[in-house]
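Q: could you look at this predicted model? Sequence included:
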Amino acid sequence: MTDYVAPKGVRIADADRVRLGAHLAEGTTVMHEGFVNFNAGTLGTSMVEGRVSAGVVIGDGSDIGGGASTMGTLSGGGNVRITIGERCLVGAEAGVGIALGDECVVEAGLYVTAGTRVTMPDGEVVKARELSGASHILFRRNSVTGTVEARPNNAVWGGLNEVLHSHN
Ligand SMILES: CC(C)(COP(=O)(O)OP(=O)(O)OC[C@H]1O[C@@H](n2cnc3c(N)ncnc32)[C@H](O)[C@@H]1OP(=O)(O)O)[C@@H](O)C(=O)NCCC(=O)NCCSC(=O)CCC(=O)O
């Protein structure tokens, strides 16, 4: 994309990682490991250290951690278009196959697919697609039981690193 347009207020560590047809809002940083496909992008200030697949939209204040995946719909049978809300954190090497609402966290290394069976705080087990778009959820894999859990995300993860965004 950067052969044709240099978006204002955006930092891209490796210009080849952003395809023509991506949309990067002012305040976005795309680090070396980050990637943004066409018809995909960001709506506000955000940190992209993972892959933003075709059709995926990242909300203001969200962080896609190193090596994280947002499941796309170009191949492989995925048919749910992923959106990430505002102030979310998708942890390093994590992945999302459902939409996230606002202020959600996905633990580093956890891939939440639409069919992942998730244990709720009251013990009920639901498929992750039923939580698609919901806000204030922490998804984690219980490291003792192996169960994927949805917990209320009360703690704010700290937000974007202001220093990293001061040069956009
Ligand atoms: C899931 C969270 C958010 C949890 O972190 P928190 O700080 O909220 O909680 P915590 O203090 O670690 O833990 C609170 C309590 O829960 C327990 N606990 C935590 N995780 C647990 C798990 N999976 N299973 C069971 N218990 C768990 C703790 O032991 C602790 O218990 P007690 O209360 O009993 O003590 C974190 O682990 C995480 O995955 N963060 C993602 C960070 C990330 O990936 N950022 C992107 C960086 S991108 C980057 O750096 C690039 C790197 C790269 O390129 O690879």
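A: Noted; the coordinates are in hand. Numbers count the residues shown, from 1 in each chain.
Q: who's in contact with residue 55?
A: 37, 39-40, 72-74, 81-82 (CB atoms under 8 Å, 6 or more residues apart in numbering). The C-beta positions use only the backbone N, C-alpha and C, and glycine is treated the same way.
Q: out of those, the closest to residue 120 would be?
A: Using CB to CB, residue 82 comes nearest to residue 120 of the contacts of residue 55, at 21.4 Å.
Q: what separation do you get for the closest one and the ligand?
A: Separation of residue 82 from the ligand (CB to the nearest ligand atom, to the nearest Å) stands at 18 Å.
Q: dump the residue contacts of residue 112.
A: Counted by CB under 8 Å, 6+ apart, residue 112 has contacts 94-98, 106, 118, 128, 139, 148.
Q: between those residues, which is nearest the ligand?
A: Taking CB to the nearest ligand atom as the measure, the ligand sits nearest to residue 94 out of the contacts of residue 112, at 6.9 Å.
Q: ok, the closest one to residue 124 distance?
A: The gap separating residue 94 from residue 124 is 23 Å, by CB to CB, to the nearest Å.
Q: which of the two has more neighbours?
A: More crowded of residue 94 and residue 124, by other CB atoms under 10 Å: residue 94, with 26 against 9.
Q: give me the pLDDT for the more buried one.
A: At residue 94, the model reports a pLDDT of 98.
Q: what residues are up against it?
A: 65, 68-69, 106-112.
Q: counting neighbours, what do you get for whichever residue of the chain sits closest to the ligand?
A: Nearest residue of the chain to the ligand, counting by CB to the nearest ligand atom: residue 66, 2.1 Å away. Neighbour count for residue 66, taken as other CB under 10 Å: 17.
Q: quick one: low-confidence ranges for the protein?
A: 155-156, 167-168 (pLDDT under 70).
Q: recalculate using a threshold of 80.
A: 3, 6, 73-80, 154-158, 163-168 (pLDDT under 80).
Q: could you tell me which residues of it lie near the ligand?
A: Proximity of the chain to the ligand (CB under 6 Å from any ligand atom) is limited to residues 33, 49, 65-67, 89, 91-92, 105, 107-108, 140-144, 155.
Q: of those, grab the buried ones for PyMOL.
A: Applying 16 or more other CB atoms under 10 Å to these leaves a buried subset, and the PyMOL line that selects it is:
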select buried, resi 33+49+65+66+67+89+91+92+105+107+108+140+141
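Q: take the residues of the chain next to the ligand and keep only those in helices.
A: Of the residues of the chain next to the ligand, none are assigned to helices by DSSP state H.
Q: thinking again about what came up before, which among the contacts of residue 55 count as buried?
A: Here, 16+ other CB under 10 Å leaves 37, 39-40, 72-73, 82 buried among these.
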